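# Just the structure for this:
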Amino acid sequence: MVRGSHGSLERYLEVTRRPSVAIVFVVPLVLVHALAVARAERFVQVGAERLVDHVMRVGPVGERVLQVVLALIVSAAVIHVVRERIPVHRHFPAFLVECLLLACLLGPVVSIVTNTSLFHVRAPAVSLRSVWPFVIGAIGAGIYEEIVFRLLLLSSVALSLRRGLRFSAPGSAALAVFVSAGAFAWAHFVGAGGEAFAWRPFAFRLAAGLLLGAVFVLRGLGVAVYLHAAYDALFAWRVAVSSE
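Got it, this is the predicted structure:
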């Protein structure tokens with residue numbers, strides 16, 4: 001991506017933002033996470049993942065219908081990529097580099113913006129030997145929080161504002177990013193596993209949600225998912241290293 005021409009960079013950005021390509025990129029991460037969960041003795045599960053898991057278990061008929069719908073969506077994405085002859089295998093390495101670079105920048109940028117240390121966000125002390133359950137949770141957070149808060153909530157709010165209230169496309173996207181970021185930040189403090197509310201962690205997550213929302217709007221679901229998963233995994237690793 002870096003060594004290519006200006007036209008190659010534009011092509012990369014355009015291709016990797018497509019929903020079909022994003023789905024093709026995200027599916028392997030979903031499968032890796034599912035396999036890790038199946039083999040793990042224990043793992044950390046975020047609220048958004050529990051929500052999706054609950055929705056998927058709406059009864060035998062409903063669960064089967066959802067499975068069929070998801071299979072059709074994935075199949076349609078794969079068919080589109082094949083028909084368009086999109087060389088996803090060539091773009092994937094650059095895609096991973098982009099996501100890792102953004103993940104390395106996310107924490108420091110949010111810390112500077114909010115004047116909040118990363119470690120003001122609650123992080124249980126773990127050793128390197130016990131960090132794997134938290135890495136599994138990080139991957140799950142990247143997948144399911146982006147699906148719930150960005151793909152579903154942000155998109156539906158933006159669509160409602162644009163179609164229902166006749167907002168402009170930029171205006172509806174900006175307001176939807178803020179709404180989804182607020183919901184994303186607040187969700188960490190509600191429910192059985194929620195934290196006690198504190199302004200600094202809330203501000204940190206609100207700013208992170210705003211940046212993730214902007215990434216989703218500008219770069220698509222695939223980058224948002226991998227960026228989020230990579231950031232959370234790096235954060236879990238950093239906590240483990242600092243606890244040794």
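
# contacting residues for Val217?
The contact partners of Val217, by Cβ atoms under 8 Å, 6 or more residues apart in numbering, come to Leu154, Ala173, Val177. From N, CA and C alone the C-beta is placed, and that goes for glycine too.

# Could you pull out the buried residues of the host helix or strand of Pro108?
Taking DSSP states H and E as the criterion, Pro108 maps to helix 88-114. Across helix 88-114, burial judged by 16 or more other Cβ atoms under 10 Å covers 88, 91-92, 94-95, 98-99, 102-103, 106-107, 110-111, 114.

# now do stretch 182-194
Gly182, Ala183, Phe184, Ala185, Ala187, His188.

# Which one of these is nearest to Arg64?
The closest of the buried residues of stretch 182-194 to Arg64 turns out to be Ala187 (Cβ to Cβ; 28.6 Å).

# Help me confirm that that closest one comes into contact with Leu153.
No: the pair Ala187 / Leu153 is not scored as a contact, 10.2 Å apart, by Cβ atoms under 8 Å.

# rewinding a little: for the buried residues of stretch 182-194, give me CSV that also has secondary structure, pLDDT and distance to Arg163.
As requested, the buried residues of stretch 182-194 are arranged in CSV below (DSSP: H, G, I helix; E, B strand; the rest coil; pLDDT from 0 to 100; distance: Cβ to Cβ, whole Å):
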residue, secondary structure, pLDDT, distance to Arg163
Gly182, helix, 96, 22
Ala183, helix, 94, 20
Phe184, helix, 93, 23
Ala185, helix, 92, 26
Ala187, helix, 88, 26
His188, coil, 86, 30
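
# Which parts of the chain are helices?
Per DSSP state H, the chain has helices spanning 6-17, 19-39, 47-56, 60-83, 88-114, 132-145, 155-164, 169-187, 199-219, 221-243. These are given in chain order.

# which one of those has the most crowded surroundings?
With neighbours defined as mean count of other Cβ atoms under 10 Å, the helices of the chain peak in mean count at helix 132-145, which reaches a mean of 23.

# got the angle for it vs helix 88-114?
Here the directions of helix 132-145 and helix 88-114 differ by 100 degrees (axes from the mean of the first three to the mean of the last three Cα atoms, to 10 degrees).

# Measure how helix 132-145 sits relative to helix 19-39, angle-wise.
Computed by the same axes, to 10 degrees, the angle separating helix 132-145 from helix 19-39 equals 150 degrees.

# For helix 132-145, what is the distance to the chain centroid?
For helix 132-145, the distance between its averaged C-alpha position and the chain's averaged C-alpha position is 10 Å (Cα atoms, centre = their mean, to the nearest Å).

# picking up where we left off before, as JSON lines, the buried residues of helix 88-114 with pLDDT and distance to Ile147 would be great.
JSON lines is the format used below for these (pLDDT from 0 to 100; distance: Cβ to Cβ, whole Å):
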{"residue": "Val88", "pLDDT": "94", "distance to Ile147": "20"}
{"residue": "His91", "pLDDT": "95", "distance to Ile147": "22"}
{"residue": "Phe92", "pLDDT": "96", "distance to Ile147": "20"}
{"residue": "Ala94", "pLDDT": "95", "distance to Ile147": "24"}
{"residue": "Phe95", "pLDDT": "97", "distance to Ile147": "18"}
{"residue": "Glu98", "pLDDT": "97", "distance to Ile147": "20"}
{"residue": "Cys99", "pLDDT": "97", "distance to Ile147": "16"}
{"residue": "Leu102", "pLDDT": "95", "distance to Ile147": "18"}
{"residue": "Ala103", "pLDDT": "94", "distance to Ile147": "18"}
{"residue": "Leu106", "pLDDT": "90", "distance to Ile147": "18"}
{"residue": "Gly107", "pLDDT": "84", "distance to Ile147": "22"}
{"residue": "Val110", "pLDDT": "86", "distance to Ile147": "21"}
{"residue": "Ser111", "pLDDT": "79", "distance to Ile147": "26"}
{"residue": "Thr114", "pLDDT": "76", "distance to Ile147": "25"}
